[in-house]
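S.K.: build me a structure from this.
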Amino acid sequence: MTPLTQVARPIRQATDSVPRSSRVIGVDVARGVALFGMLATHVVAVVNEKGDPTTATVVAAGRSAATFVLIAGVGLAFISGGRHVVQGVERTAVAGGLVVRALLIGAIGLALGVLAPLTNVEGILPFYALLFLLAIPLIGLPPRVLAGVAAGLIVLGPVVLVATAPLGLPYARTELDPSFGVLVQDPLGLLVQLLVTGEYPLLVYLAYLCAGLAIGRLDLTSRRVGWWLLGGGVALAVAARSASALLLYPLGGLDALLSTAASDVSTLLWEAQVLLAEAQSPISWWYLALPAPHSHTPVDLLHTLGSAGAMLGAALLLTRVPVVARALSPVAAAGAMALTLYSAHLVLLATGVLRDQPAALYLVMVLGAMAFAVVWRRWIGQGPLERIVAAAAGATRRHLAARLGRRGAIRGTSARRRTARGAAQFLVPLACAGLLLLALVGGSRIGAHQDEAVAPVANAEPVPAAAVTPVPTAPPGPAIDAEAAAPQPDEETALEEDEAAGDTVDEED
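M.R.: Down below sits the predicted model:
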């Protein structure tokens, strides 16, 4: 028995696991590929002159953003303990660090929002910030529960988006990017934009984060996990597209959409999100079968989630080979400082350099990003913005851990107190998320009531003063009829004032 045991143990260690650095390289490679995909979709148009989708749209649209958020979930799993979730004081400290991280990333995103008119890009960083806050009550959940939450969001989130599309929620029909100006002038509208009406509505994108958290709790050093991610991701992506094709073509979903929506086939298959943004009346439920990028349908979410999982699995497997890992090290270096490079590419787009040559601009961005990342990482280390965010979040986490640890040592902790503290750590952030959703519903209802109150005033017919004051009955006659037919000076003035008031209401509305 002893020889067999001694032989079996080295074989399992050699085949099932690799050093921790290889796993980190694989995650960074996947994040770097997602970054380059987002750069492509920001530089290259969605469709060409013929109305056909461009290569960037076919390859990267939707998938890159999904991978970006899924890898963010994996990163959150790493900083909250990996396979062994932190508990007690340390978990509270992690939550505090996440709050600081969210505030800093949100500030960077809102500052870059000023460049939106020059870049024509709706940035993802403000959405990222709120996503981290919503993740706080999720970091302690086991992988199966996280998978269930993700599944629920994939099923119910698109239904909510379609149902609320014709309600005229704030920023539903505008390309206004989140910025500090919007935060100050309309904070509730900004919240609605981040949760529902924006380019990356967190009502559905939270599913990617939950999936990433669940994946991050697995043993990513295992070759078996890598193959499961790759194979399962491909199967999920193919199954989603196959279901969409069945619903749209043999079952007549596409014909139904063409008959009810003023759109062509190219728009429905590649730019379907405009149907949500421009909805004035209820949308056909066949919309949920569309596979278009950023359509936020169950088909789109499942396909992009499968693609993101397959990308991560492939990166983890490829980086197990030393030669391939070294070849992909520039991509990994870029992925390790995605926040800095993403912000820098928005600044570059705002300058207008090479705007008429998208292929050259994209090549400059990718090569420049890898070169900068390799040199900076070799001589300095962590990316500049990453260093700022990590330093502030890490200092907050250490301070909270030390302070709460001293308080616990002084007061002592019983089993009942530890249970209550754990429940509070889960329920308090969950209550905050519930308040955010309550504010969303309340804001939409207030806006609807305001629109209903303003509309009758704006559309009301002006009432002449003669119609209000009774006029004594006079004998009929030509002169009197002619005089009655002509508008009086006072009536004309009142009519003009009422029309001016109506125009003013319309402009304000």
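S.K.: what ranges do the helices span in the stretch 151-300 of the chain?
M.R.: Using DSSP state H, counting those that start in this stretch, the helices found in the stretch 151-300 of the chain span residues 180-185, 187-192, 202-216, 223-248, 253-260, 265-270, 273-277, 298-318.
S.K.: most tightly surrounded among these?
M.R.: Sort the helices of the stretch 151-300 of the chain by mean neighbour count, taking mean count of other Cβ atoms under 10 Å, and helix 202-216 sits at the top with a mean of 26. For every residue, glycine as well, the C-beta is placed using N, CA and C.
S.K.: for that one, what is the average pLDDT?
M.R.: Helix 202-216 carries an average pLDDT of 96.
S.K.: that one versus helix 223-248: what angle between them?
M.R.: Interaxial angle, helix 202-216 versus helix 223-248 (axes from the mean of the first three to the mean of the last three Cα atoms, to 10 degrees): 150 degrees.
S.K.: just for this protein, where's the confidence low?
M.R.: Scanning the chain for pLDDT under 70 picks out 1-24, 172-176, 262, 406-509.
S.K.: just want the most central residue of it.
M.R.: Nearest residue to the geometric centre of the chain (Cα atoms, centre = their mean): residue 200, 2.9 Å.
S.K.: pretty sure residue 102 sits in a helix.
M.R.: Yes - Residue 102 forms part of a helix when assessed by DSSP: H, G, I helix; E, B strand; the rest coil.
S.K.: surely the residue nearest to the centre of the chain and residue 129 touch.
M.R.: No - taking contacts as Cβ atoms under 8 Å, residue 200 lies outside contact range of residue 129: 11.5 Å.
S.K.: how much space between residue 143 and residue 98?
M.R.: For residue 143, the distance to residue 98 (Cβ to Cβ, to the nearest Å) stands at 19 Å.
S.K.: and the two? Which one has more around it.
M.R.: Comparing residue 143 with residue 98 by other Cβ atoms under 10 Å, the one with more neighbours is residue 98, at 22 against 17.
S.K.: for that one, give me its contacts.
M.R.: Neighbouring residues of residue 98 by Cβ atoms under 8 Å, 6 or more residues apart in numbering: 76, 132-133, 135-136, 139, 393.
S.K.: what's the closest of those to residue 360?
M.R.: Using Cβ to Cβ, residue 132 comes nearest to residue 360 of those, at 35.3 Å.
S.K.: so what's that closest one closest to, chain neighbours aside?
M.R.: In space, and not counting its chain neighbours, residue 132 is closest to residue 102: 3.9 Å by Cβ to Cβ, 6 or more residues apart in numbering.
S.K.: residues near the one you found, how many?
M.R.: Look at residue 102: counted by other Cβ under 10 Å, it has 21 neighbours.
S.K.: try residue 81
M.R.: Neighbours of residue 81 (other Cβ under 10 Å): 17.
S.K.: look at it and give its secondary structure.
M.R.: When classified by three-state DSSP, residue 81 comes out as coil.
S.K.: ok so, going back, need the helices of the stretch 151-300 of the chain in JSON lines with distance to residue 92, can you?
M.R.: Shown next, in JSON lines, are these (distance: least, Cβ to Cβ, whole Å):
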{"stretch": "helix 180-185", "distance to residue 92": "27"}
{"stretch": "helix 187-192", "distance to residue 92": "25"}
{"stretch": "helix 202-216", "distance to residue 92": "18"}
{"stretch": "helix 223-248", "distance to residue 92": "29"}
{"stretch": "helix 253-260", "distance to residue 92": "48"}
{"stretch": "helix 265-270", "distance to residue 92": "45"}
{"stretch": "helix 273-277", "distance to residue 92": "39"}
{"stretch": "helix 298-318", "distance to residue 92": "29"}
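S.K.: and residue 297, what does it touch?
M.R.: Per Cβ under 8 Å, 6+ apart, neighbours of residue 297: 158, 272, 287-291.
S.K.: need the buried ones from the residues you listed selected in PyMOL.
M.R.: PyMOL command restricting those to the buried ones, with burial defined by 16 or more other Cβ atoms under 10 Å:
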select buried, resi 158+272+287+288+289+290+291
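S.K.: in strands, which of the contacts of residue 297 fall?
M.R.: Using DSSP state E, no member of the contacts of residue 297 falls in strands.
S.K.: ok, the contacts of residue 297 vs residue 59, which is closest?
M.R.: When the contacts of residue 297 are compared against residue 59 (criterion: Cβ to Cβ), the nearest one is residue 291, at 14.4 Å.
S.K.: my read: the closest one touches residue 269, true?
M.R.: Yes - assessed by Cβ under 8 Å, residue 291 is found in contact with residue 269 at 7.1 Å.
S.K.: ok, now which ones touch the residue nearest to the centre of the chain?
M.R.: Applying Cβ under 8 Å, 6+ apart to residue 200 gives the contacts 65, 69, 122, 124, 127.
S.K.: can you pick the most crowded of the residues you listed?
M.R.: Neighbours here mean other Cβ under 10 Å. Within the contacts of residue 200, the largest count is held by residue 69, at 26 neighbours.
S.K.: how near is that residue to residue 189?
M.R.: Residue 69 sits 23 Å away from residue 189, taking Cβ to Cβ as the criterion.
S.K.: residue 42 too?
M.R.: Distance from residue 42 to residue 189, by Cβ to Cβ: 25 Å.
S.K.: cool, residue 302 as well?
M.R.: Using Cβ to Cβ, we find residue 302 at a distance of 30 Å from residue 189.
S.K.: same deal with residue 240?
M.R.: To residue 189, residue 240 is 33 Å away according to Cβ to Cβ.
S.K.: got it, and residue 263?
M.R.: With the distance defined as Cβ to Cβ, residue 263 ends up 27 Å from residue 189.
S.K.: again, but for residue 307
M.R.: With Cβ to Cβ as the criterion, residue 307 and residue 189 are 32 Å apart.
S.K.: could you do residue 265 as well?
M.R.: Separation of residue 265 from residue 189 (Cβ to Cβ): 34 Å.
S.K.: thinking again about what came up before, quick one: contacts for the residue nearest to residue 132?
M.R.: 128-130, 132-133.
S.K.: for these, give me JSON lines that also has secondary structure, distance to residue 58 and neighbour count.
M.R.: Below are the contacts of residue 102 laid out as JSON lines (DSSP: H, G, I helix; E, B strand; the rest coil; distance: Cβ to Cβ, whole Å; neighbours: other Cβ atoms under 10 Å):
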{"residue": "128", "secondary structure": "helix", "distance to residue 58": "25", "neighbour count": "25"}
{"residue": "129", "secondary structure": "helix", "distance to residue 58": "30", "neighbour count": "21"}
{"residue": "130", "secondary structure": "helix", "distance to residue 58": "30", "neighbour count": "23"}
{"residue": "132", "secondary structure": "helix", "distance to residue 58": "31", "neighbour count": "21"}
{"residue": "133", "secondary structure": "helix", "distance to residue 58": "34", "neighbour count": "20"}
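S.K.: okay if I get these as a markdown table plus distance to residue 85?
M.R.: Below are those laid out as a markdown table (distance: Cβ to Cβ, whole Å):
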| residue | distance to residue 85 |
| --- | --- |
| 128 | 22 |
| 129 | 23 |
| 130 | 22 |
| 132 | 17 |
| 133 | 19 |
